[in-house]
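In: Turn this into a model:
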Amino acid sequence: MQNQLQEQLQVQQQLEQLETLAKRVMSTEAIARYGNLKAVHTEKAIQSIAIIAQLAEQGKISAPISDEQYKDLLRRMTPEKKEFKITKK
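Out: Predicted coordinates for the structure are as follows:
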């Protein structure tokens, strides 16, 4: 029980570090979108913030990421859905 609690605390601290790093290069609108996404799709939100933090750490992002750029990143993370048409004869 103690180990599990420590692991959970460690994961929470790592997430906070990622968020702090990523939020430095995000616009307020993008940060708000991240907050909404985190409430609904936690895993996808964490993946997106990890990507942004990694790019910021590598120096590949200098200007703030706009809401549109963040939405574009989220779209690219989501695999395309295949559409099936059923025709009745």
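
In: Now do the lengthiest helix in the chain: everything it contacts.
Out: Ordering each helix of the chain by length in residues (DSSP state H) puts helix 2-23 first. The contact list for helix 2-23, computed with Cβ atoms under 8 Å, 6 or more residues apart in numbering, reads 31, 34, 46, 49, 50, 52, 53, 56, 57. The C-beta positions use only the backbone N, C-alpha and C, and glycine is treated the same way.

In: Contacts only, for the third one.
Out: It stands for residue 46. Contacts here follow Cβ under 8 Å, 6+ apart; on that basis residue 46 touches 15, 18, 38.

In: Just the closest of the contacts of helix 2-23 to residue 64, please.
Out: residue 31 (9.7 Å; Cβ to Cβ).

In: Quick one: the helices in the chain, in order.
Out: With DSSP H as the criterion, the chain has helices at 2-23, 28-40, 42-57, 67-77.

In: Using CSV, list the CA coordinates for the longest one.
Out: This means helix 2-23. Extracted in CSV, the C-alpha atoms of helix 2-23 (Å, rounded to 0.1, in the frame of the first residue of the first chain):
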residue,chain,number,x,y,z
GLN,A,2,2.8,2.4,0.9
ASN,A,3,4.7,1.6,-2.3
GLN,A,4,1.6,2.2,-4.4
LEU,A,5,1.0,5.6,-2.7
GLN,A,6,4.6,6.6,-3.3
GLU,A,7,4.4,5.6,-7.0
GLN,A,8,1.2,7.6,-7.4
LEU,A,9,2.8,10.6,-5.8
GLN,A,10,5.9,10.3,-8.0
VAL,A,11,3.7,10.1,-11.1
GLN,A,12,1.7,13.2,-10.0
GLN,A,13,5.0,15.1,-9.5
GLN,A,14,6.2,14.2,-13.0
LEU,A,15,2.9,15.3,-14.5
GLU,A,16,3.2,18.6,-12.7
GLN,A,17,6.7,19.1,-14.0
LEU,A,18,5.5,18.3,-17.6
GLU,A,19,2.6,20.7,-17.2
THR,A,20,4.8,23.5,-15.9
LEU,A,21,7.3,23.2,-18.7
ALA,A,22,4.6,22.9,-21.4
LYS,A,23,2.4,25.7,-20.1
